[in-house]
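Asker: Return atomic coordinates for the entry below.
(2 chains, ligands or ions: 2)
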Amino acid sequence: MRVFLSAVYLFLYAPIALVVVFSFNAGRSATQMTGFSLQWYGKALSNVFLTDALKTSLIVAFTSAALAAVFGTMAAMGMERLGPRLRAVFDGMLAAAIVVPGVVIGIATLVALAGLFGVINPVLAELSSTAPQFQMGYLSLIAAHGLFSMALVAMIVKARIASLSRDIVEASYDLYAPPFATFFQIVLPQLRPSILAGFLMSFTFSFDDFIIAFFVAGAKTTLPMYVFASIRRGVTPEINAIATMVLVASLILIALAWLLMRERKPHAA
Amino acid sequence: MAPEAISDLEFRHLTKRYGEVEAVSGIDLSVPKGAFLAILGPSGCGKTTCLRMIGGFEQPTEGEVRIAGQVVNGIPAYQRPVNMVFQHYALFPHMNVAENVGYGLRQMRPRLPSTEIDRRVGEALEMVRLGSFAKRRTHEMSGGQQQRVALARAIVNRPKILLLDEPLAALDKKLRGDMQLELLQLQRELGITFVLVTHDQEEALSMADLVCVMSAGRISQLGTPQEVYDHPTDLFVADFVGKTNRIPVTVDGGVLRLADGRALPGASALHGSAIAALRPEAIRIARAGDGLPGTVTHRIFLGSFAEYAVAVPGIGDILVTTDRRGATEADLIAPGEAVCLTYDPAAVLVFPQ
Ligand SMILES: Nc1ncnc2c1ncn2[C@@H]1O[C@H](COP(=O)(O)OP(=O)(O)OP(=O)(O)O)[C@@H](O)[C@H]1O
Ligand SMILES: [Mg+2]
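Answerer: Ligands and ions are numbered 1, 2, ... in the order given. You can find the predicted model right below:
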């Protein structure tokens, strides 16, 4: 049993470890370690195509995560007021949205946006010949990632709302704070860690996503798309360096999110 | 209307239904300004529902709630001049003690100057003897201390009425006693009307000026603690407020008769089957004499007094409590001894069955 378990972990982590190790290789080879060097990190960071892709990824990840944090929280708050029946339906739909395969989300978003642009663009062209035309790019990337992330944030925030005691909200009303003031002074501070956790997870998801981005990116290239494209020309230590940087950034963000979600001091019931 | 006739709190035919369940059934109540009212009753009788209608967390289905003479139906909690001490304290976990206590003052419009807020928060904390705890996080405090923070957070706003929903239920017996005294002192100092919900009859009797005994959504009796204890209006109140021996009797021409035909000292204007109620402390127990003969089956020693269970043939078990004042070791009666019970016939209350 123990051997079996060790084997599973070996298969899981050995490839990742290799990527990290070879990113520090002095030579070109991705199979033979010839010495230690940071040169591939320098190469990677001075590659214009790569920094461009990185910039796209960061913009999309930040914007979609921010939108998801706002609207996901609003959705979670709204669901709190639903009746039990309707709530079960929405709960189910939320969970379903998270397990829908990326391919499906990608195709669905592509088809929906293409359809939408097909309607809007001719109208815009009609209005003025210089009006900008909608096309796949930042907008579609942010929309597709934001939609998925919104469900993620809603799930996380909803769990926190459920554990929030109704008492402290009533205590706030009792102490002359109307609903609006109560939301900002009592509810929001209680939800802040979970909203931030949702934001970080959304950011990580968007930053790492390849499948959905592949469908809706249009002329834009995100970092995972760039990596995929360059791998066709062979695995280089430069790719390993990029992967290692992405890995470390993701781990840090996820660890932060995890800390935020569990850092809840138990207070006397 | 004379000014003293205006009460701080009034219910007029107040009813609350939750779907099929009628939690409060058309009750009328008037509490004079500055009084200490205890709402007492068994679980589920509607005590909390009454309190929540005063606080504005529930709206009445029928009838009205008046605060200082004004109908407050439909007015939300945040516009009512009352404050509540919640059973589980409901302190804001992300604020320290002083921030918790100052919360109500910070919501006031027009805004109060911050020096005024600080001063009043300091005063309130002194009042509940937490002067040195201002910067403490609330989860770093004991239950009794959190309770005091909740109290300070309410009284600092000088409400017309202070609502307390079983505020002492979670505290141990000793601390509860201390807090009862403190609450009482606070109420006398502030002159605010207090409404305390409890299912602890001792607490209600020892603290309140006015006790409202509720049962199944209705008021069974409203009166001073003495009235409620000495002259309960029905068997439910007699049973719920203090301990009572219930003796089934038949009333025949004013005379109480036991099932076996013997006469029981006491009198009643009723006719037919009835229940005679007799407080355990109204009965004297002696090793010999005239009266109801019986045998001690149990003795519970309670420090300052002792409680006996006495098997009386033809009646059953009768509970007797005796004061130990002036009693010697030899006066304590052991289980198995034959005894004789006597009482003042005027102490017997007879209720229809
Ligand atoms: N929100 C609600 N929805 C439905 N029924 C309720 C609700 N709140 C209270 N009830 C019902 O109304 C009745 C009175 O409840 P209430 O909480 O006032 O009792 P209580 O006297 O405070 O009891 P306890 O001593 O157990 O706190 C109960 O039968 C209860 O089940
Ligand atoms: Mg209650």
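Asker: Now do the same contact list for residue 27.
Answerer: Picking chain A for this. Under the criterion of CB atoms under 8 Å, 6 or more residues apart in numbering or on different chains, the neighbours of residue A:27 are A:33-35, A:237. (Glycine included, C-beta is placed from N, CA and C.)
Asker: oops, chain B please
Answerer: So, once contact is read as CB under 8 Å, 6+ apart, residue B:27 ends up touching B:11, B:13-15, B:50, B:63, B:214, B:217-219.
Asker: quick one: which of these sit in helices?
Answerer: In this view, those that belong to helices under DSSP state H are residue B:50.
Asker: pLDDT below threshold where in the stretch 1-150 of chain A?
Answerer: Along the stretch 1-150 of chain A, segments meeting pLDDT under 70 span A:30.
Asker: residue in it nearest to ligand 1?
Answerer: Minimum separation of the stretch 1-150 of chain A from ligand 1 (CB to the nearest ligand atom) falls at residue A:84, amounting to 13.1 Å.
Asker: And chain A, by the same measure?
Answerer: residue A:166 (10.7 Å).
Asker: circling back to that earlier point, among the contacts of residue A:27, give me the pair with the biggest separation.
Answerer: Pairwise distances among these were taken by CB to CB; the largest, 11.5 Å, belongs to A:35 and A:237.
Asker: quick revisit: out of the contacts of residue A:27, which end up buried?
Answerer: Among the contacts of residue A:27, those buried by neighbour count (16 or more other CB atoms under 10 Å in any protein chain shown) are residue A:237.
Asker: Close to ligand 1 as well: tell me which of the contacts of residue A:27 qualify.
Answerer: With CB under 6 Å from any ligand atom as the criterion, no member of those is in contact with ligand 1.
Asker: Which of the contacts of residue A:27 fall in helices?
Answerer: Judged by DSSP H, helices contain the following of those: residue A:237.
Asker: could I get the contacts of residue A:27 as CSV with distance to residue A:41?
Answerer: Written out in CSV, the entries for the contacts of residue A:27 read as follows (distance: CB to CB, whole Å):
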residue, distance to residue A:41
A:33, 16
A:34, 17
A:35, 15
A:237, 9
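Asker: Overlap in contacts, residue A:35 and residue A:237.
Answerer: Shared between the contact lists of residue A:35 and residue A:237 (criterion: CB under 8 Å, 6+ apart) are residues A:25, A:27.
Asker: Now the residue in the stretch 51-200 of chain B positioned nearest to ligand 1. Its backbone dihedrals?
Answerer: Of all residues in the stretch 51-200 of chain B, residue B:199 sits closest to ligand 1, at 5.0 Å by CB to the nearest ligand atom. Note on residue B:199: its backbone torsions stand at phi -110, psi 10 [degrees, to the nearest 10].
Asker: before we move on, the earlier item: what about the residue of the stretch 1-150 of chain A closest to ligand 1, neighbour count?
Answerer: When counting by other CB atoms under 10 Å in any protein chain shown, one arrives at 6 neighbours for residue A:84.
Asker: before we move on, back to that, separate out the buried members of the contacts of residue B:27.
Answerer: Among those, the ones that count as buried by 16+ other CB under 10 Å are B:11, B:14-15, B:50, B:63, B:214, B:217, B:219.
Asker: closest to residue B:230 among the residues you listed?
Answerer: Proximity of these to residue B:230 was ranked by CB to CB; the top entry is residue B:219 with 18.3 Å.
Asker: Is the nearest residue to the closest one once chain neighbours are set aside part of a helix or strand, or is it coil?
Answerer: If you skip the residues right next to it in sequence, residue B:219 has residue B:27 as its closest partner in space, 5.2 Å away by CB to CB, 6 or more residues apart in numbering or on different chains. Secondary structure assignment for residue B:27 (DSSP: H, G, I helix; E, B strand; the rest coil): strand.
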